[in-house]
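Chemist: this one's sequence-less:
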Ligand SMILES: NC(=O)C1=CN([C@@H]2O[C@H](COP(=O)(O)OP(=O)(O)OC[C@H]3O[C@@H](n4cnc5c(N)ncnc54)[C@H](OP(=O)(O)O)[C@@H]3O)[C@@H](O)[C@H]2O)C=CC1
Ligand SMILES: O=C1O[C@H](COP(=O)(O)O)[C@@H](O)[C@H](O)[C@H]1O
C-alpha cells in the first residue's frame, strides 16, 4: 500500500447490517490506524432504522472495540461517521442525501469524491443505482464509484438484467464488483509466485503438471443465512465467483503488463476456454452433497435440513466438487479439480499443483515410493507456500524421503496481513479495479455454472444428506479423482 491516502466520502447503504459491522467498519478502522486513510474522509451510513449520529457512532465503536490500539482515539475515529436514515426505495430522500454529501464534502475537503457501497440485499442494487443517477448524486466535480456486493445475480439472465440496470447509471470503470477472495493476500500472491519466479513458469503447463486442486472447506454451516442459502447453494455461493476466480488466476497466460485491463483480459480468455458440459454429462464431472448431522471441532452438529429457514426436504447442495477442463494449448488434458463445502472437517483454502512424475525415476527401481512434487499455496487460515520434494534420507543408506520447503506468511508478519475487505476498499479509493470482477468474467462464470445448476434443479438428489458434518464430503467426490488415477491431497492438519 502507498501512503498516498485518498480523500473521499463513503456512503454505505445497509449501514446497520452484518457486513457493515463485521467487515466494513473494522476495515475502515485498520486503514485509518495504518494512516492509509487521511483525516479527510467521512462515512455516511444509510439504513431505515431511526438512529441518531451518536447511536450510530456508538455502534461503529462497538464493531472496532476489539482493536485495543492506544494510538488511535476511537471517538475521533467514530466522529467521521454520520447517519442518514431512509428507505432506499424512496426517491425523494436522495436529494437530502445529496445535500448531506455536499456539506460533508466541504467540511472534510473530499474534493467531490464519492464511493457508494451497496451492502444490502441484491434486489435493491438496481433501484439504488438508478436513484443515485436520477437524483444527480453521480454528478460531481470529483469521481464517483459504485461498490456492489455479491451475489451479482442468481444466474446469467438475472445478472445481465442487473448489469444493464446498473450500467444505465454507472460506466463499467466506475463499477467495483466485490469478490472478497480477490482481496486475500495469498490469492493476490498467485500472480507473484507465477510471474516473479523463473523456476515455475517454464513448468506451468500440461507437459509438467498432472492436475491442479482447489479446495475451500468450511467448518461453519449455513448459520442464520438459511433463506439466502436455500436459493443459492454452494455452486452459486462459492464456485461461480471465488473458485472460478482462483482458477482463472492459476491458468491465465502472463499478461503483457500488470495493468487492470491486461490481467482481466487474460482471465476472461481462461473462462472462455473452459470446456462447457451438457446437462446430461453434469454428473460425470460434478458431485453435489448436503451435510448430515455429525461432529465438528468436538461439537455435535445438526443436519443442514434442520437449520433455521431451511426446507426440511431441501435439495440445496452445501458441497460441490468438480473436474474442469480448459481447452487451450497450455492446459489441454490437465484436470482442475475443485471442491468446496460447509461443515467439513477443517476451515481451509488451499491450492495444490501436482507435477507429473519423471519419465524414468531411478528410485522406483529400488522399490521406493517417490512422492510427487507438489506446490501448495496455502490461502487460509495459514498463509504461505510449500514445495514438496524428495531428498536423501539423513542416514547411511541412499534411500529417498519426502521433504518440504515452506514459507509461512503468518509467522512473518501476521498482525500486518491486511483483511480482504480492507485491501479492496483501499483499492477502490485509489481507483484500482484489478481485484474486482469485470462484467465479462461474471457473465462467463454464470454461463458455465448455469448448466450445472439447471441439471441439478431438473433432477433432485435422492441421496441427500450424503456427507457427515466434520468429514471431507461425500465419497463420490473421492471417486471423481480416483477414476483419473488421482486423489485429493489432504487439507486437514491431522490426516
Ligand atoms: N454478511 C456477510 O458476511 C456477507 C454479506 N454479503 C452481502 O452483503 C449484502 C448485505 O448483507 P448483510 O449485511 O449480511 O445483510 P443484513 O440483512 O445484515 O443487512 C441489511 C441492511 O440493509 C438495510 N435495509 C434493508 N432494507 C432497507 C431499505 N428498504 N432501505 C434502507 N435500508 C435497508 C438494513 O437496515 P434496516 O433494517 O435498518 O433498514 C441493514 O442495514 C448482501 O448482498 C449479502 O449477500 C456478502 C458476503 C458476506
Ligand atoms: O462469499 C462467501 O464466502 C464465505 C467464505 O469466505 P471465507 O473468506 O471465510 O473463506 C462463505 O462462508 C459464504 O457462504 C459465502 O457467501
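Modeler: Everything's here; your move. Note that the structure is predicted; figures quoted are calculated from it, not measured. Residues are numbered from 1 along each chain as shown. Ligands and ions are numbered 1, 2, ... in the order given.

Chemist: element containing the residue of the stretch 301-450 of the chain found nearest ligand 2, please.
Modeler: Using CB to the nearest ligand atom, residue 349 is the residue of the stretch 301-450 of the chain that sits closest to ligand 2, at 5.9 Å. Heads up, the C-betas are built off the backbone N, CA and C, glycines and all. Element membership for residue 349 (DSSP states H and E) is strand 348-355.

Chemist: got the buried residues for that strand?
Modeler: 348, 349, 350, 351, 352, 353, 354 (16 or more other CB atoms under 10 Å).

Chemist: name the nearest of these relative to residue 151.
Modeler: The nearest member of these to residue 151, counting by CB to CB, is residue 349 at 19.3 Å.

Chemist: for that closest one, give the beta-bridge partners.
Modeler: Judged by DSSP bridges, the bridge partners of residue 349 are residue 216, residue 380.

Chemist: now what about the strand holding residue 349, what contacts it?
Modeler: Contacting residues not belonging to strand 348-355 are listed as 190, 203, 208-217, 246, 250, 372-381, 486, 489, 491-492 [CB atoms under 8 Å, 6 or more residues apart in numbering].

Chemist: residue 372 contacts residue 388, correct?
Modeler: Yes. Assessed by CB atoms under 8 Å, residue 372 is found in contact with residue 388 at 7.5 Å.

Chemist: what residues does the stretch 251-400 of the chain put near ligand 2?
Modeler: residue 349 (CB under 6 Å from any ligand atom).

Chemist: which residues of the stretch 251-400 of the chain fall in strands?
Modeler: 286-289, 291-296, 299-301, 319-324, 336-341, 348-355, 374-380, 384-392, 400-408 (DSSP state E, counting those that start in this stretch).

Chemist: run through who's touching the first one.
Modeler: Taking contacts as CB under 8 Å, 6+ apart, the residues outside strand 286-289 that touch it are 234-235, 317-323, 341, 452, 456, 461, 464-467, 473-474, 476-477, 480.

Chemist: quick one, what contacts whatever residue of the stretch 1-150 of the chain ends up closest to ligand 2?
Modeler: Residue nearest to ligand 2 within the stretch 1-150 of the chain (CB to the nearest ligand atom): residue 150, separated by 6.0 Å. Applying CB under 8 Å, 6+ apart, we find residue 150 in contact with 122, 177, 178, 179, 241.

Chemist: any idea how far the residue in the stretch 101-250 of the chain that ligand 2 sits nearest to is from residue 320?
Modeler: In the stretch 101-250 of the chain, the residue that lies nearest ligand 2 is residue 237 (4.7 Å; CB to the nearest ligand atom). Per CB to CB, to the nearest Å, residue 237 is found 9 Å from residue 320.

Chemist: again with residue 107
Modeler: Counting by CB to CB, the gap from residue 107 to residue 320 is 49 Å.

Chemist: neighbour count for the two, which is higher?
Modeler: Taking other CB atoms under 10 Å, residue 107 and residue 320 do not tie; residue 320 has more neighbours (26 against 12).

Chemist: mind telling me what element the residue lying closest to the more buried one once chain neighbours are set aside is part of?
Modeler: Nearest residue to residue 320, sequence neighbours excluded (CB to CB, 6 or more residues apart in numbering): residue 234, at 4.6 Å. According to DSSP H and E, residue 234 maps onto helix 233-234.

Chemist: report all helices and strands that that helix contacts.
Modeler: strand 319-324 (3 or more CB pairs under 8 Å, 6 or more residues apart in numbering; DSSP states H and E).

Chemist: now do the strand it packs on against strand 291-296, angle only.
Modeler: On the basis of axes from the mean of the first three to the mean of the last three CA atoms, to 10 degrees, strand 319-324 is oriented at 110 degrees to strand 291-296.

Chemist: just the buried positions in strand 319-324, please.
Modeler: Buried residues in strand 319-324 (16+ other CB under 10 Å): 319, 320, 321, 322, 323, 324.

Chemist: what's the neighbour count on the residue in the stretch 351-495 of the chain that ligand 1 sits nearest to?
Modeler: The stretch 351-495 of the chain approaches ligand 1 most closely through residue 421 (9.4 Å), counting by CB to the nearest ligand atom. Residue 421 has 21 neighbours, counted by other CB under 10 Å.

Chemist: help me confirm that it is found in a helix?
Modeler: Yes. Looking at residue 421 with DSSP: H, G, I helix; E, B strand; the rest coil, it is inside a helix.

Chemist: how far away is it from residue 115?
Modeler: Applying CB to CB to residue 421 and residue 115 gives a distance of 13 Å.

Chemist: ok, and the closest non-adjacent residue to residue 16?
Modeler: Residue 16 sits nearest to residue 47 (CB to CB, 6+ apart), 4.2 Å away.

Chemist: these two touch, right, that neighbour and residue 11?
Modeler: No. Residue 47 lies out of contact with residue 11 (CB under 8 Å); the separation is 11.5 Å.

Chemist: out of the two, which sits in the busier spot?
Modeler: Per other CB under 10 Å, whichever of residue 47 and residue 11 has more neighbours is residue 11, with 27 against 22.

Chemist: residues in contact with that one?
Modeler: Residues near residue 11 by CB under 8 Å, 6+ apart: 43, 44, 46, 97, 101, 114, 115, 116, 117.

Chemist: now residue 206
Modeler: Residue 206 sits in contact with 330, 331, 332, 333, 334, where contact means CB under 8 Å, 6+ apart.

Chemist: where along the stretch 101-250 of the chain do the strands fall?
Modeler: Counting by DSSP E, counting those that start in this stretch, the strands of the stretch 101-250 of the chain are 114-118, 144-148, 175-177, 209-217.

Chemist: and the first one, which strands flank it?
Modeler: Sheet pairing here is set by DSSP bridges, and for strand 114-118 it gives strand 8-13 (parallel), strand 144-148 (parallel).

Chemist: make JSON lines from those and add distance to ligand 1 to it.
Modeler: Formatted as JSON lines, those follow (distance: least, CB to the nearest ligand atom, whole Å):
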{"stretch": "strand 8-13", "distance to ligand 1": "6"}
{"stretch": "strand 144-148", "distance to ligand 1": "8"}
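
Chemist: residue ranges with poor pLDDT in the stretch 1-150 of the chain?
Modeler: Counting by pLDDT under 70, the stretch 1-150 of the chain shows low-confidence ranges at 1-5.

Chemist: and if we set it to 80?
Modeler: 1-5, 69-70 (pLDDT under 80).

Chemist: enumerate the residues of it near ligand 1.
Modeler: Counting by CB under 6 Å from any ligand atom, the stretch 1-150 of the chain sits next to ligand 1 at 14-19, 47-49, 87-89, 119-122, 149-150.

Chemist: so which of these are in helices?
Modeler: 18, 19 (DSSP state H).

Chemist: coming back round to it: didn't the residue of the stretch 351-495 of the chain closest to ligand 1 look like it was pressed against residue 25?
Modeler: No. Between residue 421 and residue 25 there is no contact under CB under 8 Å: 9.9 Å.

Chemist: report the contact partners of the residue positioned nearest the centre of the chain.
Modeler: Closest residue to the average C-alpha location of the chain: residue 181 at 2.6 Å, with CA atoms, centre = their mean. Residues near residue 181 by CB under 8 Å, 6+ apart: 187, 241, 242, 245, 246, 379, 420.
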